[in-house]
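K.L.:
kindly generate the corresponding structure for this input.
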Amino acid sequence: MELYKLDEAGYDAAITGNLLSFRPTRQSETLSHFLASFTEEKKKKVALKLKSQGGGENKFLEAIDTWWVIQAPRMWWSQFDTYRHALLLGVDESVSLSQSTMHNILSRPLTQTDFEEPIECDYLRVLNQWIRNKSFREIKLGLPESYLQIRIYKLNYSVLRNICQQREFHRLSHEWGIFIDTVKERVDHPELLEE
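P.N.:
Numbering: from 1, shown residues only. Down below sits the predicted model:
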């Protein structure tokens, strides 16, 4: 399993928007002066204070977006998709673009590098026979759970924070551990994902 962060955006806008309720405007003050009063130190202090609070206090996390390229086995994707669906209730939608087995599974023979864990050589030969015979249904039904697929996901900090907290001790601890550790290493503000 591998993850690569493509992009991240929205931190300054999210934190500034969150601070609007903490500072009244003055009629004589210019907008640029008003915004300049939100120092980086103040932004960080408020973000760290509110990140763990529910009831909409931490809604600024939903406005910080990240984009990831993730290569993972089918067994993990089914867990991730189920989890992602549960997270969408009341949370900003996530976006997924995936490598299509529908269009490319018959394009070349499979090798052991196409799987998270090596599969039996005899079974690999069976899979490749189905590919040679263009037996699409058989190959789709027969792909092992360790078959690797690449997807691109857009996930906000609120979703990432929930994943880090709720999946740390999951049965698929190896895969979730890689996901959580990599996310915390590569996001610009890992302190917002910590408890």
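K.L.:
what ranges of this protein fall below the confidence cut-off?
P.N.:
Scanning the chain for pLDDT under 70 picks out the ranges 22-26, 82-103.
K.L.:
centre-most residue in this structure?
P.N.:
L155 (4.7 Å; Cα atoms, centre = their mean).
K.L.:
checking that one next. Helix, strand or coil?
P.N.:
strand (DSSP: H, G, I helix; E, B strand; the rest coil).
K.L.:
how much space between the residue lying farthest from the centre of the chain and T111?
P.N.:
Each residue of the chain has a distance to the centre, and by Cα atoms, centre = their mean the biggest one is for S28: 43.9 Å. Separation of S28 from T111 (Cβ to Cβ, to the nearest Å): 70 Å. (C-beta placed from N, C-alpha, C; glycine too.)
K.L.:
ok now do the residue nearest to the centre of the chain, which residues does it touch?
P.N.:
For L155, the contacting residues are D65, T66, W67, W68, S94, I163, by Cβ atoms under 8 Å, 6 or more residues apart in numbering.
K.L.:
of those, buried ones?
P.N.:
D65, T66, W67, W68, I163 (16 or more other Cβ atoms under 10 Å).
K.L.:
which of those fall within helices?
P.N.:
Mapping the buried ones among the contacts of L155 onto helices (DSSP state H) picks out I163.
K.L.:
reformat the buried ones among the contacts of L155 as JSON lines; add distance to E117.
P.N.:
Listed next are these as JSON lines, based on distance: Cβ to Cβ, whole Å:
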{"residue": "D65", "distance to E117": "33"}
{"residue": "T66", "distance to E117": "28"}
{"residue": "W67", "distance to E117": "28"}
{"residue": "W68", "distance to E117": "22"}
{"residue": "I163", "distance to E117": "23"}
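K.L.:
so which of the buried ones among the contacts of L155 is the closest to N18?
P.N.:
Nearest to N18, judged by Cβ to Cβ, of the buried ones among the contacts of L155 is D65 at 15.4 Å.
K.L.:
my guess is the closest one contacts E8. True?
P.N.:
Yes - contact criterion Cβ atoms under 8 Å: D65 and E8 qualify, at 7.0 Å.
K.L.:
any idea which of the buried ones among the contacts of L155 is closest to A14?
P.N.:
Set against A14, the nearest of the buried ones among the contacts of L155 by Cβ to Cβ is D65 (9.3 Å).
K.L.:
what is the closest one paired to in the beta sheet?
P.N.:
A9, N156 (DSSP bridges).
K.L.:
measure it to S158 for me?
P.N.:
For D65, the distance to S158 - Cβ to Cβ - is 10 Å.
K.L.:
kindly report the same for Q165.
P.N.:
11 Å.
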